[in-house]
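Chemist: Model the following, please.
(one chain, ligands or ions: 2)
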Amino acid sequence: MDRPRITIFDTTLRDGEQSPGCSMNVQEKLHLAQQLDRLGVDVIEAGFPIASDGDFEAVQRIAAALRRPIIAGLARACTGDVDRAWQALQGAAHPRIHVFLATSDIHLKYKLRITREQCLAQAREAVRHAKSLCADVEFSPEDATRTDVPFLCQVVEAAIAAGATTVNIPDTVGYSMPEEYGNLIRTLREKVAGIDRVTISTHCHNDLGLAVANSLAGVQQGARQVECTINGIGERAGNASLEEIVMAMRVRPDRYPYETAVAAEHLFSSSQTLAEITRVPVQPHKAITGRNAFAHEAGIHQDGMLKNPLTYEIMTPQSVGVPDSRLVLGKHSGRHALALRCEQLGHQFERRELDEIYRKFVVLADRIKKVQDSHLLELIQDVVKGNVSHSDAADNQSKKFPPATAALPFQRAAAANANEPHPAQVSGSAGQAQPRPVCPAPTNWFGGASVPLADHHSEQEDYLWGV
Ligand code: KIV
Ligand code: ZN
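Modeler: Ligands and ions are numbered 1, 2, ... in the order given. Predicted coordinates:
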């Protein structure tokens, strides 16, 4: 039987960007949007066009550039905002206007200073106006989880009657508990007329560390869209983390039998791209994309891993795009290996650019022997920004990059095929794991052993290409 399909609505560029230290310029937003497109998200919330000219331009540029995903622009529930969002979305192949209005008494009384009746009328009117412009309209009752439930049902029903096609239920302040959030979604499905015609969406903040759990509870009760961000960035403690939601469904289809269109092998590079753009590092212990997420240091764990990876591993690093740890970058590495690692770190280069990076890489590798990902990212930055001339590249590199450090925590070597399901995800006897090769060799940042993998053909081409 087909599994229900969950729409992944990425709001890294809007709610994520509201996170302190995470603001991005137009160029950076466009770059990240292209990565999100590669990742396969269904909806990209590209910004809040009324908020600033930069936000407007970012939405406009992303809408013009990406043809596959739905591009959403956020608007408060008023004509000016909705019009501005629609203007920014003009070039989009699949535009969506996302209208929001707070509905909790605390927001109505202290923030908006309006009555429930005024709130209801304003929501209805704004959605109606958005619908007159755009077929795809999402409505969010902000602070839904602290809203009086009968009133929430009334507002959601009015928004649907006015033309909303998606209703999003934000846990704006991260207050809800999983069971409670799931029950709220169920209640809306039971009580709101017309709800069967629209998509119900989750939007959970992480103030109590429950954003992912709440989102999954919402899905179990019938939500079919999840709003989330890369690395879980967002206001205060952040939003639900996209990579955790997607992998929870992949690793535990017995509990969460749902599909997404996300290409999980691009999760790591998406996380790296964001961290690099914002210069906000990923927490080492971050699930899925943190640098320790697949590291095994304790002797007992290493022993188990050597005997059978199933002992301590529920998914392979390769399934989420963590670079092949056997592929160590040193002065003997070729352009193919370099290009692959750049890609895994979220950078795709044309031949000429790669050529330049390669020249600088060789100078660096000669000096420091083993080039770590952090070194490579700095080098990429230099080339992308064009702030290092050929003549002083080596000099700058020697100042900037210390020699590669000693081995970091043990990590097991890569499985041969990134797309191969992890044995833990396969049920029945066919899923019984065969012990896979494990390499306890000295490691780099990702635990790489010291045997470069470049095959003969790629080396041949590396020799012939542009040297
Ligand atoms: O958290 C929230 O309520 C929001 C809305 C604008 C959807 O981000
Ligand atoms: Zn939010």
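Chemist: How about the residues of the protein by ligand 1?
Modeler: 15, 100, 140, 142, 168, 170, 172, 203, 205 (Cβ under 6 Å from any ligand atom). Every C-beta, even on glycine, is put in place using the N, C-alpha and C of the backbone.
Chemist: Let's see if you can find the most crowded of those residues.
Modeler: Using other Cβ atoms under 10 Å as the neighbour criterion, H203 leads the residues of the chain next to ligand 1 with 30 neighbours.
Chemist: Three-state assignment for the residue of the stretch 301-450 of the chain found nearest ligand 1, please.
Modeler: Nearest residue of the stretch 301-450 of the chain to ligand 1 (Cβ to the nearest ligand atom) works out as G346 at 25.4 Å. Following DSSP: H, G, I helix; E, B strand; the rest coil, we place G346 in the coil state.
Chemist: And it, how far from N308?
Modeler: Per Cβ to Cβ, to the nearest Å, G346 is found 32 Å from N308.
Chemist: ditto for H129
Modeler: From H129 to N308 the distance is 60 Å (Cβ to Cβ).
Chemist: Show me which of those two is the more surrounded one.
Modeler: Shown here are H129 and N308; by other Cβ under 10 Å, H129 has more neighbours (23 against 16).
Chemist: Now do the SS call for that one.
Modeler: helix.
Chemist: How many residues are close by the residue lying closest to it once chain neighbours are set aside?
Modeler: Distance criterion Cβ to Cβ, 6 or more residues apart in numbering; nearest residue to H129, sequence neighbours excluded, is V82 at 5.3 Å. For V82, the count of nearby residues is 29 (other Cβ under 10 Å).
Chemist: How about D148?
Modeler: Neighbour tally, D148, other Cβ under 10 Å: 12.
Chemist: pretty sure it is in contact with I106, am I right?
Modeler: No: shown here, D148 and I106 do not form a contact pair, counting by Cβ atoms under 8 Å, at 10.7 Å.
Chemist: Quick check: nearest residue in space to A263, chain neighbours excluded?
Modeler: Nearest non-adjacent residue to A263 (Cβ to Cβ, 6+ apart): G40, at 4.5 Å.
Chemist: Correction: the previous question concerned S23.
Modeler: Using Cβ to Cβ, 6+ apart, the closest residue to S23 is E17 (5.8 Å).
Chemist: and if you look at S241?
Modeler: Closest residue to S241 apart from its sequence neighbours, by Cβ to Cβ, 6+ apart: G232 at 3.3 Å.
Chemist: residue contacts, the one you found?
Modeler: 206, 211-212, 238-242, 244, 286 (Cβ atoms under 8 Å, 6 or more residues apart in numbering).
Chemist: ok, the residues you listed vs ligand 1, which is closest?
Modeler: Nearest member of those to ligand 1, counting by Cβ to the nearest ligand atom, is N239, at 7.8 Å.
Chemist: show me what contacts the closest one?
Modeler: 11, 15-16, 203-206, 211, 227-229, 232-233.
Chemist: Could you provide these in JSON lines, with additional columns for pLDDT?
Modeler: Shown next, in JSON lines, are the contacts of N239 (pLDDT from 0 to 100):
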{"residue": "T11", "pLDDT": "98"}
{"residue": "D15", "pLDDT": "97"}
{"residue": "G16", "pLDDT": "97"}
{"residue": "H203", "pLDDT": "98"}
{"residue": "C204", "pLDDT": "98"}
{"residue": "H205", "pLDDT": "98"}
{"residue": "N206", "pLDDT": "98"}
{"residue": "A211", "pLDDT": "99"}
{"residue": "E227", "pLDDT": "99"}
{"residue": "C228", "pLDDT": "98"}
{"residue": "T229", "pLDDT": "98"}
{"residue": "G232", "pLDDT": "98"}
{"residue": "I233", "pLDDT": "98"}
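Chemist: which ones among those residues are found in strands?
Modeler: In strands, defined here by DSSP state E, the members of the contacts of N239 are 203-204, 227-228.
Chemist: Now do the contacts for the residue nearest to H129.
Modeler: Contacts for V82 (Cβ under 8 Å, 6+ apart) come out as 75, 97, 99, 126, 129-130, 133.
Chemist: what comes up buried for the helix or strand containing it?
Modeler: Assigned by DSSP states H and E, V82 falls within helix 79-88. Neighbour-count burial for helix 79-88, counted by 16 or more other Cβ atoms under 10 Å, picks out 81-86, 88.
Chemist: Show me what the helix or strand just after that helix pairs with in its sheet, parallel or antiparallel.
Modeler: Using DSSP H and E, the helix or strand that follows helix 79-88 in sequence is strand 95-102. Applying DSSP bridges, strand 95-102 is found paired with strand 70-76 (parallel), strand 137-142 (parallel).
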